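Novice: sequence plus predicted model, see below.
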Protein chains: 4
Amino acid sequence: MSYDKRSIPTLISLDPSAPAAHQQGLHNRWHPDIPAAATVSPGQTFKLHCLDWTGGQIHNNDTADDIVAADLAQCHYLTGPVECEGARPGDVLVVDVMDVAPFPDHAWGYCGIFDINNGGGLLCDDFPVAAKAVWDLDGVYATSRHIPGVRFAGISHPVSLGIMGCAPSKELLDKWNRREAELIAENTGMVPAVAYPPTPTSAYVGTVGASTLSNDMMETIAREGARTIPPREHGGNCDIKNLSKGSRVYFPVYVNGAKFSIGDLHFSQGDGELTFCAHNRLQAGVVTLRFTVIKDGMKKLSMDSPIYLPSVVDPKYATQVTFQGISVDSDGKQYSMNATIAYKQAARAAIEYLHSLGYTKEQAYLLMSCAPIEARVASIVDHPNASVTIGIPTEIFDRDIRPDAVVAAFDSGVLKRDYGARHATTTKRA
Amino acid sequence: MSYDKRSIPTLISLDPSAPAAHQQGLHNRWHPDIPAAATVSPGQTFKLHCLDWTGGQIHNNDTADDIVAADLAQCHYLTGPVECEGARPGDVLVVDVMDVAPFPDHAWGYCGIFDINNGGGLLCDDFPVAAKAVWDLDGVYATSRHIPGVRFAGISHPVSLGIMGCAPSKELLDKWNRREAELIAENTGMVPAVAYPPTPTSAYVGTVGASTLSNDMMETIAREGARTIPPREHGGNCDIKNLSKGSRVYFPVYVNGAKFSIGDLHFSQGDGELTFCAHNRLQAGVVTLRFTVIKDGMKKLSMDSPIYLPSVVDPKYATQVTFQGISVDSDGKQYSMNATIAYKQAARAAIEYLHSLGYTKEQAYLLMSCAPIEARVASIVDHPNASVTIGIPTEIFDRDIRPDAVVAAFDSGVLKRDYGARHATTTKRA
Amino acid sequence: MSYDKRSIPTLISLDPSAPAAHQQGLHNRWHPDIPAAATVSPGQTFKLHCLDWTGGQIHNNDTADDIVAADLAQCHYLTGPVECEGARPGDVLVVDVMDVAPFPDHAWGYCGIFDINNGGGLLCDDFPVAAKAVWDLDGVYATSRHIPGVRFAGISHPVSLGIMGCAPSKELLDKWNRREAELIAENTGMVPAVAYPPTPTSAYVGTVGASTLSNDMMETIAREGARTIPPREHGGNCDIKNLSKGSRVYFPVYVNGAKFSIGDLHFSQGDGELTFCAHNRLQAGVVTLRFTVIKDGMKKLSMDSPIYLPSVVDPKYATQVTFQGISVDSDGKQYSMNATIAYKQAARAAIEYLHSLGYTKEQAYLLMSCAPIEARVASIVDHPNASVTIGIPTEIFDRDIRPDAVVAAFDSGVLKRDYGARHATTTKRA
Amino acid sequence: MSYDKRSIPTLISLDPSAPAAHQQGLHNRWHPDIPAAATVSPGQTFKLHCLDWTGGQIHNNDTADDIVAADLAQCHYLTGPVECEGARPGDVLVVDVMDVAPFPDHAWGYCGIFDINNGGGLLCDDFPVAAKAVWDLDGVYATSRHIPGVRFAGISHPVSLGIMGCAPSKELLDKWNRREAELIAENTGMVPAVAYPPTPTSAYVGTVGASTLSNDMMETIAREGARTIPPREHGGNCDIKNLSKGSRVYFPVYVNGAKFSIGDLHFSQGDGELTFCAHNRLQAGVVTLRFTVIKDGMKKLSMDSPIYLPSVVDPKYATQVTFQGISVDSDGKQYSMNATIAYKQAARAAIEYLHSLGYTKEQAYLLMSCAPIEARVASIVDHPNASVTIGIPTEIFDRDIRPDAVVAAFDSGVLKRDYGARHATTTKRA
């Protein structure tokens, strides 16, 4: 008996150098009727290729013009759906994340500030103009020519995950569309928009082989398909900081075969993913997965949203400088228990601190979106102020950023260093 | 030369068995004119006694009637102010937390669900009725006769901190009162209230020795003094999970002498302090502190709110079961990037999970407020859904709570255990 | 029903300022016939006072003369024996270490290099002359005026343990004495001695109350009682680095009542306890313990030596500089798989490295014996060289000691700092 | 300017399915005159293929006959030497370990017990007969069909390192041969041998391209070349548990060009590498490295053996069951401060404990050699007993192995499970 061969099939292969919108096994909307691009048995380990979330619109260069021009209606290109044999609604699809790796010769990623009129970000009022930093993956570490003096480990070498989930049922999809439409109706004219409704513009389904998609069906999907931007109860854009290889995720199943999709690989991420939509993305990558099915699992686990078992492998950063934000905005306005405002304020305090070291505020903002910072809801019951803390690991800098060292450097006149203001910029506006 | 003696003076001594409102060196409002109860030089290590935040209204028994009846206008009794020699506005007061320990013979604490009409909590709509669990401190661990099957380490034996900060200047106090009054005015009639305005009811300042307080001044303090419930830019009710002994905190100074106060000691806390105001409180304790002053520190550190360096000593829990919440409420309403709703939903998912093991929902809710859970802002940029995760450490349970074990126990019919529904209850309502 | 009182009885009280040799509840030999000084039921939490291992011979001053003159035949003064009701030979005594704290006003400790003729140490050929460093316990941290520039957390604040164990049976005691006598016989004239035989000199048993000890019995104990220096299969001088509060230890029981004793409290320790017998000792302290008995536990746990469950609370130091030693001694002699030589060589490499920073070699050696270094048996199978590594945590220094920073400092001519050569010295020799 | 391409050259390519002894860029002795197989500039990232240490003699099957028959004189096949431009004696070669990965389709490894007459192991008296367990690499985890019920993370996915180092100078080589010859002379007839002298048998140097090796030179190398089994001061068989990707190692340089070699990749290892030479080996793999040179680095870093900076990425196992060994052997003989005996005794205690769960002793011994156990030198100064502890992480088992659970299972009669005694065995003897 030979045990030697352990060939892992690649169920969906992609070309990271070719346009996404002509490749098979990709789609950029959530809809139950998107046909499966591959089928796999429980217990079988398999690989999937994934492309950059924009389908390759962002480039490894020194300008942010591509960020300004990015067509976000194309986002995110997801690989799948992959049908799991035997999975039925009410079951749980257990996904073991065996490996996540960059594509050979595409071992770089980027984080970006999106123009306030094209994506924006949490602090888009402070940072309305696009900017970008490109990160090189250097073994387990990431470094950027645009943000010198920093080096950090990717989450469990070198890629964590962005979007994963099973296709919604028709009922669930309708629920999503209904509730988000109500929110949009209540907030017309907001910039950036409060939510993104279904739109046929740039909707794409790249079917595989015999599973042709009728024009009618494609129109239905384009018209109804939920956008992939937010996380929802099926998982989706979960963006969990330490969800990388070695993790196990339990997903609700809503349709026969589960129809699992995945995309938007990250190589690192700070809690909160501050700058929004263009940061710490991997250009392209390969994931290795394995499915198991728990029959009636949603009931057995009392769950209607995913449960995660993070990986046992994790970078160990021991020392943090921690900043606090409360739900009072920069203009002094008091909000009631608003953790989002509190998060913003903690982020602003951290940005000021890093700025005092010599980084541009844009560099600091970009860095905060992809370095392994920890953002915690410290307190959310003491009316009227929620309290959120952001901890920056000190070990990722090539200098001592602890307050005592900062004070000593300030007193010696050597606090502010020249980091070259080298983040990629643009003069264009969307 | 003898080095042997290292007697640490106790600057403010209290009697944990006597009523708070007749003791010296306590106050329950923030105001610049509260006279210092003690003075200390930078570099001098000193001790302070602290009482329970309610001044002893909650008892070590098996009924939640004391929670229903608690007079929250008395809260929180803070020890101080302690004047630091030489500290001036614009300086930073560095506070080294050398030790935090329970009072001898008072090594217990409690967590509680507050009545919706008297304090409430984050999930007060789900849990409108008061309940309580008492925790025994058993070496470094805490156990509760009201929530069997759980044992967890306190944060760096056995007490973390609640409230710390320097007195506001008159200008800062006015700013607080103004912005909170505006919020209250915009939200009249809310239950629970969105904020707590200054009130003379139960206002208390226990001056020390010769520093008598004129009736006029006491009236001014009672009328203007900010309530101690929320965290604010001076720190205050910071409730940071891993802020215990071994930590160093950098506080802004607003008045001459800094006038530092401290109180509301915790023995443990989950991120978010879910149930609000009565949980994981220590009955009484002793803190050991040391001050240092950084002249012009606010400028040197680019700070206008506290910066924390957490302790190097921390419990190590390696394995978590992690739940996700998004900003869609239980009734299906879609909110725009609301991390507070997302936090609630993650908490509800965790409570359901623990409930399936046999705990009452109240036990689960109480447990979530004091066990060392981690609440993280996973993503806050993917319109319209913020994503918050709550991770429960698996090692604190005397059974395996990982999903695979839960499914196996469900299949064997032994999932739900009898934990006695033993949380302390009440039939009264506020 | 009142739960409030939780008074923990102190079973054995001692006076740290009085001579050990006149106090009750102390002994400095292992023997089954030492009468119990206290009795306790399983499940009862209790306190014990402990004295310095030498009985107070070492002082908080700036000379090592006390190290030279120390009477080691007195060592170690152990508190006990404490009888556990119901424990029988073959059972396991489970000891929960609830708390370990310094005596009030005795919050200091010391580490020392012992004269080669009076105790010696692992590197006694390199360091034949006595030296000493005194450490102040400063909250959770320890600092020394004799070794500037270093601060580290004690093991789970601020005291770990030295010696614990149950009394041997007569048979076990005879076995110890026989095998050690054989070793001594094979190695006559070695300096330092290879082992310490029983000796009536300075033998001490301080009985309590009615349990008088006949002269005959005292003579027997003095003549037969095993010295307390080495660890043996009952535990004894286990010196395990992370065995502090929050730990649980399973000890074999050999005599009725178990007769547990404890002493030689440490506040910190490096793996290996390099300098031998006088380092990182606490002047005096209080331990809080609880016993449980597992009937027939030795069989159930397949054990004939202790099993440890280390505490969940531990200092987190993330970054180490790691040195390697092999079993070739400094003079070039090749040993066969000798991990002891390999450990020595790794220690010497680390000492050279620290010496290059400006520390005297004595300071480096003293530091290595009490800082939280990690000594690991990396490989012990590759003939002829065992490989041992020693990792020094970088976070305990107030400068960057990583190799890249050391090279940069060397190149700038600022590597060697003046640390004052301040370790306590002596001109005397034993 | 294009940043996109980041092609990493493979300097030495090997075929894992072909015999090692006919491939170029391999050698199995240390000698300064082995010609460089590749040359690289400092700062250039590059890849090297590595074969199994035996050159493919061990197979993925269910018999240990290959272990019995293994020709150890061939070991270890190292890849290299790689010349680093500009490196000179006295410099330090800094090696960044960027990545370590298994060969595609060879994602398995093995651990083995070697016959006492062919390799042996630390406990070869207890385990004289060959045995084997094969491990599958399953994402970041390793599992074995021969040792069920266990799963552990490889060190920073899925491969740590075995042998690395620079070629010795002629003087250093002579020193090695001289001192080891003396040891052998003092211990003739020992089984297993105390050391392995140079031997022409199976000596191999696979030169590359034009760098032909004269017969004379090959004879010299075969006659003088140091065996690769032990670690020595150049590094060599360092087998450090957490030395994997993300690590940086500082190696002494003894010859022009440094002549760095690497081999014997591991996928995991317990401290101490208990069973000796055939365990946890990877069948074949690819390493990605980068060199930097510190001129005169040996002086600047006060080093004459390697210094290691372990990776920031590491599996986090929080809970250990810890066993203690002292320097008294199983037959009761007392040794003087012998850490090797103490290590053996701790290992034996751990093996007994695992055996009580149902594992065969061979399974337990095999497991101890490759699972992430921690072996620490707890104390090495308390004459006559050194103390070594071995901690087994509890999280790697699919059952609770903590003592309380073991006692409960014993009392319920369900302690001993049937693990199938499935380790691969042999009936042959060497």
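Specialist: Done, it's in.
Novice: for the rest of this, base every contact and every neighbour count on C-alpha atoms.
Specialist: Will do.
Novice: residue numbers of the stretch 301-430 of chain A in contact with chain C?
Specialist: A:316-318 (C-alpha under 8 Å from any C-alpha of the partner chain).
Novice: and these as TSV, adding secondary structure, pLDDT and neighbour count?
Specialist: As requested, these are exported to TSV (DSSP: H, G, I helix; E, B strand; the rest coil; pLDDT from 0 to 100; neighbours: other C-alpha atoms under 10 Å in any protein chain shown):
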residue	secondary structure	pLDDT	neighbour count
A:K316	coil	74	19
A:Y317	coil	78	21
A:A318	coil	75	18
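Novice: those helices in the stretch 51-200 of chain A, which residues are they?
Specialist: For the stretch 51-200 of chain A, applying DSSP state H, counting those that start in this stretch gives helices covering A:65-69, A:170-186.
Novice: how about these, which one is nearest D:A181?
Specialist: helix A:65-69 (67.9 Å; C-alpha to C-alpha).
Novice: ok now that closest one, how far from the chain's centre?
Specialist: 19 Å (C-alpha atoms, centre = their mean, to the nearest Å).
Novice: and A:L78, how far is that from A:Q57?
Specialist: Separation of A:L78 from A:Q57 (C-alpha to C-alpha, to the nearest Å) stands at 15 Å.
Novice: contacts only, for the closest residue to chain B within the stretch 51-200 of chain A.
Specialist: For the stretch 51-200 of chain A, the residue closest to chain B is A:A195, as judged by C-alpha to the nearest C-alpha, at 4.9 Å. Neighbour list for A:A195: A:180, A:183-184, B:336, B:383-384 [criterion: C-alpha atoms under 8 Å, 6 or more residues apart in numbering or on different chains].
Novice: closest to chain C among those residues?
Specialist: Using C-alpha to the nearest C-alpha, B:H383 comes nearest to chain C of those, at 36.6 Å.
Novice: and the strands in the stretch 301-430 of chain A, which stretches?
Specialist: A:307-309, A:313-315, A:320-326, A:374-379, A:387-393, A:424-425 (DSSP state E, counting those that start in this stretch).
Novice: quick one: low-confidence parts of the stretch 301-430 of chain A?
Specialist: For the stretch 301-430 of chain A, the stretches with pLDDT under 70 are A:381, A:421.
Novice: most proximal residue of it with respect to chain B?
Specialist: With C-alpha to the nearest C-alpha, the shortest gap between the stretch 301-430 of chain A and chain B falls at A:S379, namely 3.9 Å.
Novice: from the residues of the stretch 301-430 of chain A next to chain C, which are also near chain D?
Specialist: Among these, the ones lying near chain D by C-alpha under 8 Å from any C-alpha are A:316-317.
Novice: now the residues of the stretch 301-430 of chain A next to chain C as TSV including distance to D:E171?
Specialist: Below are those laid out as TSV (distance: C-alpha to C-alpha, whole Å):
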residue	distance to D:E171
A:K316	41
A:Y317	43
A:A318	43
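Novice: nearest to C:I163 among the residues of the stretch 301-430 of chain A next to chain C?
Specialist: Nearest to C:I163 among these is A:A318, at 30.8 Å by C-alpha to C-alpha.
Novice: how near is the residue lying closest to that closest one once chain neighbours are set aside to B:L243?
Specialist: Nearest residue to A:A318, sequence neighbours excluded (C-alpha to C-alpha, 6 or more residues apart in numbering or on different chains): C:A318, at 5.5 Å. The gap separating C:A318 from B:L243 is 19 Å, by C-alpha to C-alpha.
Novice: all strands for the stretch 151-300 of chain A, in order.
Specialist: Assigned by DSSP E, counting those that start in this stretch, the strands in the stretch 151-300 of chain A fall at A:152-153, A:163-166, A:205-206, A:231-232, A:235-237, A:248-252, A:260-263, A:278-282, A:284-294.
Novice: what pairs with the first one, and is each one parallel or antiparallel?
Specialist: For strand A:152-153, sheet partners with direction are given as strand A:141-144 (antiparallel), following DSSP bridges.
Novice: ok, now the last one?
Specialist: Taking DSSP bridges as the criterion, strand A:284-294 pairs within the sheet with strand A:45-51 (antiparallel), strand A:92-102 (antiparallel).
Novice: using CSV, list the CA coordinates for the last one.
Specialist: Listed in CSV are the C-alpha atoms of strand A:92-102, where the atom choice follows Å, rounded to 0.1, in the frame of the first residue of the first chain:
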residue,chain,number,x,y,z
VAL,A,92,-23.4,23.6,8.9
LEU,A,93,-20.5,23.6,6.5
VAL,A,94,-17.3,23.2,8.4
VAL,A,95,-14.4,24.8,6.5
ASP,A,96,-10.9,23.9,7.5
VAL,A,97,-8.5,26.6,6.2
MET,A,98,-5.4,24.4,5.4
ASP,A,99,-3.3,27.0,3.6
VAL,A,100,-3.4,30.5,2.2
ALA,A,101,-0.5,31.6,0.0
PRO,A,102,0.3,34.3,-2.5
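Novice: can you count the residues close to the residue nearest to A:S13 when sequence neighbours are not counted?
Specialist: Distance criterion C-alpha to C-alpha, 6+ apart; nearest residue to A:S13, sequence neighbours excluded, is A:H49 at 5.4 Å. Using other C-alpha atoms under 10 Å in any protein chain shown, A:H49 has 27 neighbouring residues.
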